[in-house]
Structure formats: C-alpha cells, structure tokens
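Visitor: Just need the structure, nothing else, for what follows:
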Amino acid sequence: MTLFRTRAPLATAVLATVVVVPIAAQPPNRGRPARPVVTLPDGPVRQVILGRCTACHGIDEYAYYAMGRDDWRALVERMKTARSGVVEGTKISDADLDVLLDWLVAEFGPDSKPFPRASAK
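Guide: Take a look at the predicted model:
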C-alpha cells in the first residue's frame with residue numbers, strides 16, 4: 001500500500017503533463033478565423049432549415065448578414081439556382097419561404113449586428 005501512495009502522485013503528474021499541456025498549448029481555432037455560432041431554432045422554421053438549407057450550407061452563415069425581408073428574399077432566390085455539388089438549387093414553397101424569412105428577419109434583420117468576416121491578409 002505504501003508503494004501505491006508514493007507513486008500515485010507521480011502517476012497523476014505524468015498523466016496531467018502528457019494530456020493537459022498539449023491541449024493547453026493549442027492555439028484557438030488552430031489558426032482559423034473565428035466563426036459565428038447560430039443555434040438551430042425550434043418550431044416550424046427548424047424543419048424548413050433542415051429540409052431546404054443545410055444540404056448546401058450551415059446555418060452559421062446567416063450571422064454574417066443583417067438584412068431586411070426583401071434582401072433575404074433575394075438571397076434565397078439566388079440559392080434556388082445555385083449549385084453546391086450536392087444539390088442543384090433549393091426548392092422551397094412560398095409558405096416555407098415565409099416561415100424562413102420571418103425567422104431570418106427576426107434574428108438577422110437590418111437592426112442586428114452582423115458577425116465580422118475575417119479580413120484578407
């Protein structure tokens with residue numbers, strides 16, 4: 001039992017050094033620019049986003065914009081013809097588009113502050 005008591009602190013110190021130090025030494029985002037974090041909403045808009053948007057892009061992209069309803073509508077209209085390599089444009093009904101636009105304007109409307117884009121070096 002005495003041998004265990006004398007070696008346990010040493011084993012703990014070695015484990016901490018091997019595991020904790022390399023983790024702490026990692027730079028934030030490993031050199032990548034910061035990205036916004038947008039939480040997937042609840043309710044009907046969640047299904048619209050999952051069914052119509054995320055096949056091509058994540059929802060964090062929305063945080064880069066602060067636009068009114070007409071500008072959001074124009075952006076979605078462009079996405080109807082965009083090709084991602086996965087799908088050829090989104091297909092969204094008028095009813096689903098209204099649900100999506102309501103949420104986009106509420107969260108990322110003209111009075112919101114857009115997430116800053118990384119500057120080119």
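Visitor: switch to C-alpha atoms for all contacts and neighbour counts from now on
Guide: Will do.
Visitor: what does the helix or strand encompassing residue 105 rub up against?
Guide: Using DSSP states H and E, residue 105 sits within helix 94-108. Under the contact criterion C-alpha atoms under 8 Å, 6 or more residues apart in numbering, helix 94-108 has outside partners 44-45, 48-49, 62-63, 65-69, 72-73, 114.
Visitor: quick one: which of those is nearest residue 38?
Guide: The closest of these to residue 38 turns out to be residue 63 (C-alpha to C-alpha; 7.1 Å).
Visitor: My assumption is that the closest one lies in a strand; please confirm.
Guide: No. Under DSSP: H, G, I helix; E, B strand; the rest coil, residue 63 falls outside any strand and is assigned helix.
Visitor: How is this structure divided into domains?
Guide: Under automatic domain parsing, the residue ranges defining each domain of the chain are 2-31, 44-108.
Visitor: Show me what the mean pLDDT comes to for the last one.
Guide: Average pLDDT, domain 44-108: 92.
Visitor: Endpoint to endpoint, that domain covers what distance?
Guide: In domain 44-108, first residue to last residue: 18 Å (C-alpha to C-alpha, to the nearest Å).
Visitor: wait, isn't residue 109 in contact with residue 70?
Guide: No. Between residue 109 and residue 70 there is no contact under C-alpha atoms under 8 Å: 10.5 Å.
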